[in-house]
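# quick one, what's the 3D model for this:
(one chain, ligands or ions: 1)
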Amino acid sequence: MVNVAFLAPLGTYTHQAALQQFPEDKHTTFTPVDSISKCFQELMTNKELDFAVVPLENSTNGQVVFTYDILRDLMNNSDTYQENEAVPMLEIVAEQYVSIDLCLIASKPLNLNSLTKETKLEIHSHPQVWGQAANYLKLLEQKVSALHKIDASSTSAAVRLCCEMEGEEQGGVISLAVGSSIAAKAHNGFVLDSRINDKKGNTTRFLILKRRNSQGPPLEARPFSPLANDQMVSILTFVVKQDSPGSLVDVLNVLKEHRINMCSITSRPYHFPKDDRIQLTPENEEGRWRKWQYIFFVEVTHDNRLDWAPVLKGIRSNSMRFCFWGTLHRNGRYYDIT
Ligand SMILES: O=C(O)C(=O)Cc1ccccc1
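I've put the predicted structure just below:
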């Protein structure tokens with residue numbers, strides 16, 4: 001059996017990513033989990049789970065910071081280290097790309113032309129959505145007296161909440177949700193408008209994680225989730241040694257020396273605990289402490305013959321702390337999302 005945790009409830013884009021990765025057959029169970037953070041927690045603590053699927057980034061508004069910050073914290077709070085290499089319990093084993101067609105959904109049919117300057121709107125969705133349909137929501141707001149955005153744990157949770165309200169106008173307020181047409185169907189909602197995302201080709205990338213060294217079921221290449229020949233992607237995170245000029249370049253040079261192509265780099269700030277400060281700034285220049293440090297997320301592409309040992313040796317000696325999150329096949333949808 002394969003048991004896969006995903007951001008709940010049925011009908012989320014994360015659910016769609018899970019269905020793209022794993023066969024919907026009698027050997028696979030999909031376990032809805034209420035938040036991105038709980039997807040990580042459940043996978044670490046519930047040995048009956050084999051994989052978890054989480055959103056990482058969107059082509060319109062970038063990082064899903066909830067996920068980045070969880071990966072950051074798992075590295076910094078890892079209970080297992082090999083020297084300065086964090087070895088958290090989870091590893092990244094695959095990626096999926098989902099075309100995000102955002103829809104405006106109501107609990108009952110509603111003619112958008114019937115909205116007037118007296119109407120008050122409440123729009124429910126996952127916070128990641130607000131940046132993907134900003135223009136559409138701004139135009140909608142101009143038609144009514146007020147439009148309030150209300151964050152939900154996921155797009156489909158927002159649709160479910162909105163449809164459970166039975167659409168009764170609570171005090172003249174009409175509650176709508178933004179999610180997928182699949183979510184509308186799952187919760188008996190009505191799609192009032194579709195493709196409301198500002199940018200065409202709006203795509204979200206998802207990661208599939210598992211427990212490191214778990215004896216769980218292997219990942220099978222999915223027939224309709226084509227792999228891009230033998231191109232591999234590896235994901236690393238690291239914290240540079242100190243503020244000295246070139247400390248970031250020193251780490252990236254290791255990749256260059258081994259002729260490894262870096263395809264993306266991004267960072268997230270974090271406040272390191274006091275004891276780290278002593279490690280991070282041993283000379284404690286002029287008694288000043290840095291308020292925060294950056295953790296860098298780097299993705300590199302290579303073929304499946306790369307020997308990582310010498311590369312990690314170089315990264316180890318040029319970084320304060322690092323983590324190798326895993327190597328995955330580049331998913332063919334990276335090139336031609338349909
Ligand atoms: O999976 C979902 O539906 C989510 O709520 C997360 C999300 C939100 C917006 C785009 C992609 C994923």
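
# what packs against the helix or strand in which M320 is found?
For M320, the host element (DSSP states H and E) is strand 319-331. With contacts taken as 3 or more C-beta pairs under 8 Å, 6 or more residues apart in numbering; DSSP states H and E, strand 319-331 sits against helix 65-76, strand 85-86, strand 90-99, strand 227-240, helix 308-318. The way it works is simple: take the backbone N, C-alpha and C, and place the C-beta from them, glycine included.

# give me the distance from it to the chain's centre.
15 Å (C-alpha atoms, centre = their mean, to the nearest Å).

# run the angle between it and strand 90-99 for me.
50 degrees (axes from the mean of the first three to the mean of the last three C-alpha atoms, to 10 degrees).

# what pairs with strand 319-331, parallel or antiparallel?
The partner list of strand 319-331 in its sheet, established with DSSP bridges, is strand 85-86 (parallel), strand 227-240 (antiparallel).

# quick one, which of those strands gets closest to the ligand.
Closest to the ligand of the strands paired with strand 319-331, according to C-beta to the nearest ligand atom: strand 227-240, at 18.9 Å.

# which SSE is immediately downstream of the closest one?
Heading C-terminal from strand 227-240 (DSSP H and E), you reach helix 247-257.

# re the thing from before, can you list the helices and strands packed on strand 319-331 in JSON lines and add mean neighbour count, distance to N213 and mean pLDDT?
Converted to JSON lines, those look like this (neighbours: other C-beta atoms under 10 Å; distance: least, C-beta to C-beta, whole Å; pLDDT from 0 to 100):
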{"stretch": "helix 65-76", "mean neighbour count": "19", "distance to N213": "16", "mean pLDDT": "96"}
{"stretch": "strand 85-86", "mean neighbour count": "20", "distance to N213": "15", "mean pLDDT": "96"}
{"stretch": "strand 90-99", "mean neighbour count": "21", "distance to N213": "9", "mean pLDDT": "96"}
{"stretch": "strand 227-240", "mean neighbour count": "19", "distance to N213": "17", "mean pLDDT": "86"}
{"stretch": "helix 308-318", "mean neighbour count": "15", "distance to N213": "16", "mean pLDDT": "96"}
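
# and of the ones you listed, who's closest to F324?
Ranking the helices and strands packed on strand 319-331 by proximity to F324 (C-beta to C-beta) places strand 227-240 first, at 5.5 Å.

# and the closest one, how far out from the chain's middle?
For strand 227-240, the distance to the chain centre is 16 Å (C-alpha atoms, centre = their mean).

# hang on, isn't T31 packed against V4?
Yes. Counting by C-beta atoms under 8 Å, V4 is a contact partner of T31 at 6.6 Å.

# output the lowest mean pLDDT helix or strand found in the chain.
One helix or strand of the chain scores below all others by mean pLDDT, DSSP states H and E: helix 274-280, with a mean of 52.

# mind listing what the closest residue to D303 other than its chain neighbours touches?
If the residues on either side of it in the chain are set aside, D303 comes closest to D230, at 5.6 Å by C-beta to C-beta, 6 or more residues apart in numbering. Shown in contact with D230 (C-beta atoms under 8 Å, 6 or more residues apart in numbering): 303-304, 329.
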